[in-house]
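S.K.: Starting from these lines, generate the structure:
(chains A and B)
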Amino acid sequence: MSFVNYHTKEINCKIVYYGPGLGGKTTNIQYIYQKTAAKLKGEMVTLNTKNERTLFFDFIPLDFKNIRGFRVKFHVYTVPGQVFYEPSRTMILRGVDGVVFVADSQVERMEANLESFNELQTKLSEMSYKEGDVPIVMQWNKRDLPNIVSTQDLEEKLNKIDVPSFEACAINGQGVFETLKTISKLVLLNIKGGLE
Amino acid sequence: MNLNATIKKFIHENNFQKLSERIVIIRYDGISIYSNAQDDFESATICALVSGLWQAAKQLNTLIDNDNDFFEHRLSFDTTANGLYILPIKIFKEEYFVCSLYKDISNPAKLKRDLRQLKEKLELHLEGVVVEQKIDRSGYLFKNITDEEIDKIFEYGV
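M.R.: Okay, the predicted model is just below:
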């Protein structure tokens, strides 16, 4: 749930990168962190296991320029993708304003993608969000690898709700900012609290 | 009513901001409502971590006790002089936290007592000021945003 401070003209929003384990969520936000000017970002926080898998979450605070007189602050999180960290994903989704679903395009990861996306929908529903309440953007990641599912198949199986989607190769930055820009726009357009 | 300004005014009028190195008030989802830190990014990071820490502790506790009122709990991670202390606080029926990060404190017990006073006094104070100043803000904040405007706020990027 975004927080608008009308006194200081500040908007705070929470964006969560969701998806199956090893799908590239952390790689996305590492790229965002690397390419963002120092004065616009805080330190990246990573709570990892010893072998660099996300244990709890990754986090970057971003402080953007003004949009129509409001300073925009995005709090960007990733969830741990491994199945057994399900309680952590629930915690991180609390108060979410927008979700980027990072799907792994490899054929052998389709089942994991479906399982993760179904879990996301269930969690949002359990938090009393109706379909469309929380903007979602799909990212078809790892398009550079062999043995990948066609984007048409990904759309048919994962994007039945027909939200914006982007092909990506997060490791070299392809599609990373396009995805972030789109979810940012949708989140900003979804903020309740019109000006009097 | 502006929640941030009201809380800031209350804290500074009562000198609570001087209790420790960092005093932050955080919404359940990790959004900062008040911070005495100069660095906004540091505040955002503290808030994200405290929110996660509290929720993880809460989840752990439900393994042995499901009937607890979490507004009565407190969370400490400390040595005899340094550490952090988190208290839940109810504001407009929602869950917030008061968190103190402290260093080289000679009497942590006193600090914790002062923080519990901050919590109680702030809850009471907000009960009194909210209703009369409430503003109804209906509809969306932005009716439209162009791609060019989004490109502009991202122009630091690739």
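
S.K.: only C-alpha atoms for contact and neighbour calcs from this point on.
M.R.: Will do.

S.K.: Could you list the buried residues of whichever strand or helix holds A:Q152?
M.R.: In this structure, A:Q152 sits in helix A:151-158 according to DSSP states H and E. Across helix A:151-158, burial judged by 16 or more other Cα atoms under 10 Å in any protein chain shown covers A:L154, A:E155, A:L158.

S.K.: same question, stretch A:138-148
M.R.: A:M138, A:Q139, A:W140, A:N141, A:K142, A:R143, A:D144, A:I148.

S.K.: Stretch B:96-114 too?
M.R.: Under 16+ other Cα under 10 Å, the buried positions of stretch B:96-114 are B:Y96, B:F97, B:V98, B:C99, B:S100, B:L101, B:Y102, B:K103, B:I105, B:P108, B:L111, B:K112.

S.K.: Now for the spatially closest residue to the second one that is not a sequence neighbour: which residues touch it?
M.R.: Spatially, and ignoring its direct neighbours in sequence, B:F97 is nearest to B:P88 (4.3 Å; Cα to Cα, 6 or more residues apart in numbering or on different chains). Residues near B:P88 by Cα atoms under 8 Å, 6 or more residues apart in numbering or on different chains: B:F70, B:F71, B:E72, B:H73, B:R74, B:E95, B:Y96, B:F97, B:V98.

S.K.: Can I get the helix holding A:Q152 in CSV? Just the C-alpha atoms.
M.R.: C-alpha atoms of helix A:151-158 as CSV (Å, rounded to 0.1, in the frame of the first residue of the first chain):
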residue,chain,number,x,y,z
THR,A,151,7.0,-16.3,-25.9
GLN,A,152,3.6,-17.3,-27.3
ASP,A,153,3.6,-20.3,-25.1
LEU,A,154,4.7,-18.3,-22.1
GLU,A,155,1.9,-15.8,-22.8
GLU,A,156,-0.7,-18.6,-23.1
LYS,A,157,0.3,-20.4,-20.0
LEU,A,158,1.4,-17.7,-17.6
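
S.K.: Does it pack against any helices or strands, and if so which?
M.R.: Applying 3 or more Cα pairs under 8 Å, 6 or more residues apart in numbering or on different chains; DSSP states H and E, one finds that helix A:151-158 makes contact with helix A:110-126.

S.K.: List the buried residues in the helix it packs on.
M.R.: Buried residues in helix A:110-126, counted by 16+ other Cα under 10 Å: A:M110, A:A112, A:N113, A:L114, A:S116, A:F117, A:E119, A:L120, A:K123, A:L124.

S.K.: between the next helix or strand after it and helix A:151-158, how many degrees?
M.R.: Note on helix A:110-126: by DSSP H and E, the next helix or strand toward the C-terminus is strand A:136-141. Between strand A:136-141 and helix A:151-158, the angle comes out at 140 degrees (axes from the mean of the first three to the mean of the last three Cα atoms, to 10 degrees).

S.K.: Just give me how far strand A:136-141 sits from the chain centre.
M.R.: Distance, stretch centre to chain centre, for strand A:136-141: 8 Å (Cα atoms, centre = their mean, to the nearest Å).

S.K.: For the least confident helix or strand in chain B by mean pLDDT, which residues meet the burial criterion?
M.R.: Using mean pLDDT, DSSP states H and E, helix B:108-133 stands out as the lowest-scoring helix or strand of chain B, at a mean of 85. Neighbour counts over helix B:108-133 (16+ other Cα under 10 Å) mark B:P108, B:L111, B:K112, B:L115, B:R116, B:L118, B:K119, B:L122, B:L126, B:V130 as buried.
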